[in-house]
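[1] quick one, fold the following:
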Amino acid sequence: MVCRLKDIADALNVSANTVSCALNGGGKMSEELRERIRKKAAEMGYVSNRSASALRTGHSKSIATVYDNNFNLYYSIMTGLLQKRFSIEKYDVMMFSDWSHRAFLSADMVRQMLARGVVVFIWFIDAEDAALDLIGAAGKKFLILGRSSRREGVDCILSDDEPGGYLATKHLIENGHRDILLFTAKTEISCARLRMEGYRRALEEAGIPFREEYVLQTGRDGANGKELVKIAEARKLPYTAIFCFNDILAYASIIQLEELNKCVPEDVSVVGYDHVESHYFLPVHLTTVDTDKEAMVNLAVRRMIAMLSGKAEPGKAAVFEPKLIEGKTVKKISEK
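    Got it, this is the predicted structure:
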């Protein structure tokens, strides 16, 4: 059954025009609503009219973006930026999600996308070898955006996560904090593992022991930030600061701290990651790490167009340096 704009609109109780604007990167709406619409479109297997026409004629200009099941604001922002840039070149961007909760692109997903006429694959997760072999055999182009790859010779465009984790933790240490919790995603995800390595390096450099009990893990999208604060409190961990894997995890943590009558930054300092505030209105000016999303997307689009025209060879990695953005969620305290 073909999924129409109206089907998505009915499922979310919004207008078809709102759905169209959200999927095309236009219109005035909250990023939260835009994210919900994009996720529902991916769930329902929506294909744009231009993509459907391409399938009938055999002339496709479809870009597939792939993310894991835990679609979050970072993916939403990056996908929106990709849609805007590729639309200028008359490409469609289709969204696919891995509903198996695995943190990699599967061969089954690739078969689905090839059947829809996809010519370029861009994903935010790693890929299993069978998936890469299938894409290569079909003669399609691909790159990984925001992550590194387990396989040599794969095009990757990413921010340098280990120095990013180091910057965030060092900033807290320079403000007198020694008891710093790390709220992180599962370390099977390369960016989570690297940010934790940066956290650990900053602690060791400052002569602060790394404590396993100070590292609390959540799901990939950071939705359990409130629960992690509760766990830290239940274990009576003597923390004065929290470094969070991403901004959404940080905001959820701040909400829970406030519910426990702990003020940020007066009682607890919090640092996030990704700088989503630059694209999405949030109530707190968070100290965070910026990953230069727009520069990464612009390079991804330029590189893919060059690859499609035969002017660039795949297999290159581009790494962007992260930058600390000082907000209002870190307080300097007296060192113990």
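[2] tell me the secondary structure of L216, please.
    Here L216 is recorded as strand under DSSP: H, G, I helix; E, B strand; the rest coil.
[3] ok, how many other residues are close to it?
    19 (other Cβ atoms under 10 Å). (Each C-beta comes from the backbone N, C-alpha and C, glycine too.)
[4] that one touches F183, doesn't it?
    Yes - applying Cβ atoms under 8 Å as the test, L216 and F183 come out as touching, 5.5 Å apart.
[5] between these two, which contacts overlap?
    L228 (Cβ atoms under 8 Å, 6 or more residues apart in numbering).
[6] you'd agree S62 is up against F86?
    No - proximity of S62 to F86 does not meet the contact threshold set by Cβ under 8 Å, at 9.7 Å.
[7] per-domain residue ranges of this structure.
    5-159+292-321, 161-291 (automatic domain parsing).
[8] of all these, which one is nearest K331?
    Minimum separation from K331 across those (Cβ to Cβ) falls at domain 161-291, 3.7 Å.
[9] distance from the chain centre to that closest one, please.
    Between the centre of domain 161-291 and the centre of its host chain there is 16 Å, according to Cα atoms, centre = their mean, to the nearest Å.
[10] what about M78, distance to V284?
    Distance from M78 to V284, counting by Cβ to Cβ, to the nearest Å: 22 Å.
[11] okay, those two: which has more neighbours?
    Each of M78 and V284 has its neighbours counted (other Cβ under 10 Å); M78 has more, 24 against 19.
[12] tell me which element the more buried one falls in.
    M78 belongs to helix 73-88 when assigned by DSSP states H and E.
[13] next one: R178
    Per DSSP H and E: R178 is located in neither a helix nor a strand.
[14] tell me the pLDDT at the closest residue to it other than its chain neighbours?
    Setting aside the residues directly before and after it, R178 is nearest to I208 in space (Cβ to Cβ, 6 or more residues apart in numbering), at 5.4 Å. pLDDT, the model's per-residue confidence, is 97 for I208.
[15] how much space between I208 and T288?
    Counting by Cβ to Cβ - I208 and T288 are separated by 22 Å.
[16] ok, the two, which is more surrounded?
    More crowded of I208 and T288, by other Cβ under 10 Å: T288, with 28 against 16.
[17] any chance you could map the helices in the stretch 51-200 of the chain?
    Applying DSSP state H, counting those that start in this stretch to the stretch 51-200 of the chain gives helices spanning 73-88, 107-115, 129-137, 161-174, 190-205.
[18] least reliable of these by average pLDDT, please.
    Among those, helix 107-115 scores lowest, at a mean of 69.
[19] list the contacts for the closest residue to D247 other than its chain neighbours?
    Nearest residue to D247, sequence neighbours excluded (Cβ to Cβ, 6+ apart): G272, at 3.8 Å. G272 sits next to 244, 246-247, 249-251, 286-289 when contact means Cβ under 8 Å, 6+ apart.
[20] just to check, M307 is in contact with K141?
    Yes - contact status for M307 versus K141: in contact at 4.7 Å, counting by Cβ under 8 Å.
[21] which parts of the helix or strand containing R36 are buried?
    According to DSSP H and E, R36 maps onto helix 31-44. Within helix 31-44, the residues scored as buried using 16 or more other Cβ atoms under 10 Å are 31, 34-43.
[22] that concludes my questions; thank you for your assistance.
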